[in-house]
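Colleague: I would like to see how this sequence folds:
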Amino acid sequence: MKEIINKIDISTKIKNIKLSSCIMNASGALCSTEKELSDLLDSSSGALVTKSCTSDLRNGNPKPRYFEWNVGSINSMGLPNLGIDFYINFLKRKKTNKPVFLSISGFSLKENLYLIKKANLIENISALEINFSCPNILNRKKIFGYDSLYVYKFLKNVFKFNKKPLGIKLPPYFNEIHIKNISSIINRYPVMFVTCVNSIPNGLYINSDTESVVIRPNNGFGGIGGEIIKPFGLANVSKFFSFLRKDIYIIGCGGISSGKDIFDYILCGASAVQIGTQFIKEGISVFDRLKKELKNFLKKKNYFSIKNFFGNLKKF
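Modeller: As a prediction, this is how the structure comes out:
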């Protein structure tokens, strides 16, 4: 049996970027500090995704700002990060064969273009993941991924100079027409991938015993993640798989806690997946467990590669 398991291939590609495993971390989950980043480089994850960075260090929103329960989590982190120069310097010092995705989340079009210009100077960044979906910035009036005009202006300008493989992390969409509209904009430009979905915005979780909210920022409102959002993540991946050009790859994210969950995302059209809430719950060992579970699940299905079932979701 062990010999059969070892033959099962869960490697993948995001265009020309080869990943030894289709499983990586989600930006925001234990990927901010030097130790966290080093642990991810040493782990069995298929790639390293950094914390979404801004021009300067940010402390983020006041604590407590993260809470989890049995099937979900709520957070209002507020993009705490050490600033782009820290992540660039870390990557300059670290030699690795593992693909590195630098996550960027500027507060304006101007800042995002500035951050991307800086990142273009660094050789060992495999790709840029532009975060248009953070729901927890208290002084930001909108989520950029819900503003079609902003996305259009960004893409129109960024490819005038950007030479790095570039993808966009998107918020969850709840109507097909919105996914179709944003896809029609993305399809016009050389975007390499989309990551979907980020946490569901404007959620509220209550402690009935204390009769209070569980996080401090924004009167307790925050982004919802964890197992509870998996159906929304799958729906977005499946719809984007239908509407995007076939050379635009999809990274699935949202509610993954088992090998079966990963199978479901790939079945819907994801070429790779990211782990957030479960990574925070379980720590770095989550990647070994999920790899083992995915391979065991594929063995039961008599699949020997994720290519055997990728995008093959059946309809009635």
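Colleague: state the distance from the residue lying closest to Tyr66 once chain neighbours are set aside to Cys268.
Modeller: In this structure, Tyr66 finds its nearest non-sequential neighbour in Asn75, 4.5 Å apart by CB to CB, 6 or more residues apart in numbering. Heads up, the C-betas are built off the backbone N, CA and C, glycines and all. According to CB to CB, to the nearest Å, Asn75 and Cys268 sit 25 Å apart.
Colleague: next one: Glu176
Modeller: From Glu176 to Cys268 the distance is 15 Å (CB to CB).
Colleague: check Ile215 too.
Modeller: 31 Å.
Colleague: check Leu121 too.
Modeller: For Leu121, the distance to Cys268 - CB to CB - is 36 Å.
Colleague: again with His178
Modeller: Separation of His178 from Cys268 (CB to CB) stands at 18 Å.
Colleague: so between those two, which is more surrounded?
Modeller: Using other CB atoms under 10 Å as the criterion, His178 and Cys268 rank with Cys268 on top: 22 against 16.
Colleague: touching, that one and Lys314? I think so.
Modeller: No: counting by CB atoms under 8 Å, Cys268 sits too far from Lys314 to count as a contact (11.1 Å).
Colleague: mind pulling the model confidence for Asn136?
Modeller: For Asn136, the model assigns a pLDDT of 83.
Colleague: what's the closest non-adjacent residue to it?
Modeller: Closest to Asn136 by CB to CB, 6+ apart is Ser76, at 4.2 Å.
Colleague: equivalent analysis for Lys92, please.
Modeller: Computed as CB to CB, 6+ apart, the closest residue to Lys92 that is not its neighbour in sequence is Ile122, at 6.8 Å.
Colleague: residues contacting that neighbour?
Modeller: Neighbour list for Ile122: Ile88, Leu91, Lys92, Leu102 [criterion: CB atoms under 8 Å, 6 or more residues apart in numbering].
Colleague: most neighbours, which of the residues you listed?
Modeller: Leu102 (28 neighbours).
Colleague: gap between that residue and Asn131?
Modeller: Leu102 is 11 Å from Asn131, by CB to CB.
Colleague: before we move on, back to that, I figured the residue nearest to Tyr66 hits Ser199, correct?
Modeller: Yes: using CB under 8 Å, Asn75 is in contact with Ser199, at 6.8 Å.
Colleague: mutual contacts of the two, please.
Modeller: Common neighbours of Asn75 and Ser199 (CB under 8 Å, 6+ apart) are Gly222, Gly223, Gly225.
Colleague: so of those, which ones are in helices?
Modeller: Among the shared contacts of Asn75 and Ser199, the subset assigned to helices under DSSP state H is empty.
Colleague: pLDDT below threshold where in the protein?
Modeller: 1-3, 139-141 (pLDDT under 70).
Colleague: quick one, helices of it?
Modeller: Going by DSSP H, the chain shows helices at 2-7, 34-42, 84-93, 109-119, 148-158, 176-186, 230-243, 259-268, 277-282, 286-301.
Colleague: burial count for Gly60?
Modeller: Neighbours of Gly60 using other CB under 10 Å come to 17.
Colleague: could you measure from it over to Ser52?
Modeller: Taking CB to CB as the measure, Gly60 falls 11 Å from Ser52.
Colleague: please apply the same query to Tyr114.
Modeller: With CB to CB as the criterion, Tyr114 and Ser52 are 15 Å apart.
Colleague: of the two, who's got more company?
Modeller: Using other CB under 10 Å as the criterion, Tyr114 and Ser52 rank with Ser52 on top: 27 against 15.
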